[in-house]
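Undergrad: coords below, sequence missing:
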């Protein structure tokens, strides 16, 4: 049986071969453009080149994440640590940032904290200016468990109230948990053991599980986190483990100060410390068990916030990505992870360009004379690579305790994600325009209401438009003499119908998700925004 290192080497060789094939396809396609310049002209070359770029974005990104997921699944870079070797127990502060938290949720979390097996810790309930009734309940719970309650100065959001707590903290290590997360009793022992035995790490990021998986939205959400977790394992090799904002332990000097007035202060902070030459370790063990989002609307709000925040963070740190202590692989990884939405939606941009191709009767040239066959070959290649990516997510999920895994969930996960992807173009654009910042002095809603129905109607109409163009293309291909927009070989209808299928279902996707994917429990109130 090959060792994990051998399998990892084979994994990277496989990735290298794929990239060489993509490069060959790109280069030979460019050569085809040059050879056929007379038929294309400058405009045709530009159009073919743009489509070619969008064709390759999907497989390029998918291959990157496939390699990373395989390394993560193999648990490459895992270290040995021993809790029993802890002779001293340096102080640990556990910070739980809250804002208008349902007392029942907070009580569950604090009760979990009271069961830590580590002997030297203190828990801070960092209250981000909650309403009086929530403040009172949080203070009573702090007194009940003999923890420390700190009320923040004004509304400063999660990063602000954590910073205010860190100023008062005297601990060596600091752990952050969300207000809904019930921690595992021995997690502090594990965090401290690793940081004490491996001084090169600035922080430890661990995984978490969901304890309220009640419907398919939660299954999709859980598998999305598993996709993140399995990738984190692959990041250990290139020292680019990401800080999630929760279930993490920092050496205090590397946590303070968190960047304030940002939607993704955790990702922003990760880039900052990585640019200084520091890095973390991924602990592939459960640190806490938290709640799933209670509704489709809440999930979309989260997705919009994270998309804006991450992409905006990269733009805010563009200088560090160019001139800093970051390694080339780290820069590439940050860029790839922050722009993944572009890849998920490249399919639609490519379709829009194919419409121009079709109605301008512009010839399509590709490598080795495959030309329009690329409309079949490239999607097949992309599908195979994506199946590989999500297959390893499924294999990771199978080992999880969040829910009882079934292999057909992988297909559901892919389809649901594909239907959600176009919606994220909006926050991506917002992040590009600086929408990742919380502007002082203006009313700001953390879980902003997203007008999902309006967006879905627009996409459904666009999908109908693609369907109409697909019919025109198909009739043109059949040579029925009704439409003759395109004089050459015409397989554009394959792409048009595929996009039409995805976009037309935007409205049913939203309607079904809003009605079915919700829970009716005490968690349904949008009170605790920091979970």
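TA: In hand now; what should we look at? A quick note: this is a predicted structure, and the numbers were derived from the prediction, not measured.
Undergrad: ends of stretch 170-181, how far apart?
TA: For stretch 170-181, the first-to-last residue distance is 24 Å (Cα to Cα, to the nearest Å).
Undergrad: adjust the sequence numbering to begin at 49 for everything that follows.
TA: Sure, I'll start counting at 49 from here, so that last one is stretch 218-229.
Undergrad: how distant is it from the center of its chain?
TA: 23 Å (Cα atoms, centre = their mean, to the nearest Å).
Undergrad: before we move on, what about stretch 346-354?
TA: That offset, for stretch 346-354, works out to 11 Å (Cα atoms, centre = their mean).
Undergrad: contacting residues around it?
TA: Contact with stretch 346-354 is made by 265, 269, 311-312, 341, 468, 471-472, 474-475, 478, 494-498, 500, 565, 574, as judged by Cβ atoms under 8 Å, 6 or more residues apart in numbering. Every C-beta, even on glycine, is put in place using the N, C-alpha and C of the backbone.
Undergrad: got the buried residues for it?
TA: 346-349, 351-354 (16 or more other Cβ atoms under 10 Å).
Undergrad: from these, which land in helices?
TA: Judged by DSSP state H, the buried residues of stretch 346-354 include 346-349, 351-354 as members of helices.
Undergrad: ok, now which ones touch the closest residue to residue 449 other than its chain neighbours?
TA: Once flanking residues are discounted, residue 449 sits nearest to residue 257: 6.1 Å by Cβ to Cβ, 6 or more residues apart in numbering. By Cβ under 8 Å, 6+ apart, residue 257 lies in contact with 334, 336-338, 448-450.
Undergrad: so what pLDDT did residue 257 get?
TA: Residue 257 is assigned a pLDDT of 96 by the prediction.
Undergrad: that one in helix, strand or coil?
TA: Classification of residue 257 using DSSP: H, G, I helix; E, B strand; the rest coil returns strand.
Undergrad: give the bridge partners for it, please.
TA: Per DSSP bridges, the residues bridged to residue 257 are residue 337.
Undergrad: where does residue 137 fall, phi/psi-wise?
TA: When read as degrees, to the nearest 10, the backbone of residue 137 gives phi -130, psi 90.
Undergrad: against residue 240, how distant is the residue nearest to it when sequence neighbours are not counted?
TA: Using Cβ to Cβ, 6+ apart and skipping the chain neighbours, the partner closest in space to residue 137 is residue 168 (4.4 Å). Applying Cβ to Cβ, to the nearest Å, the value for residue 168 to residue 240 is 9 Å.
Undergrad: between those two, which contacts overlap?
TA: 137-138, 140.
Undergrad: quick one on the thing from earlier: buried members of the contacts of residue 257 into PyMOL, please.
TA: Buried residues within the contacts of residue 257, by 16+ other Cβ under 10 Å, are selected in PyMOL with:
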select buried, resi 334+336+337+338+448+450
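Undergrad: between the contacts of residue 257, which is closest to residue 105?
TA: Comparing the contacts of residue 257 against residue 105 with Cβ to Cβ places residue 448 closest, at 30.2 Å.
Undergrad: name the SS class of the closest one, please.
TA: Per three-state DSSP, residue 448 ends up coil.
Undergrad: that one contacts residue 270, doesn't it?
TA: Yes: proximity of residue 448 to residue 270 meets the contact threshold set by Cβ atoms under 8 Å, at 7.4 Å.
Undergrad: ranges for the helices of the stretch 199-348 of the chain?
TA: 205-216, 235-245, 264-283, 300-303, 313-323, 344-364 (DSSP state H, counting those that start in this stretch).
Undergrad: who wins for neighbours among the shared contacts of residue 168 and residue 240?
TA: residue 140 (25 neighbours; other Cβ atoms under 10 Å).
Undergrad: for it, give the beta-bridge partners.
TA: Under the criterion used (DSSP bridges), residue 140 bridges to residue 169, residue 221.
Undergrad: check the one 4 residues further on too.
TA: On the basis of DSSP bridges, residue 144 takes part in beta bridges with residue 173.
Undergrad: tally of neighbours for it?
TA: The number of residues near residue 144, taken as other Cβ under 10 Å, comes to 29.
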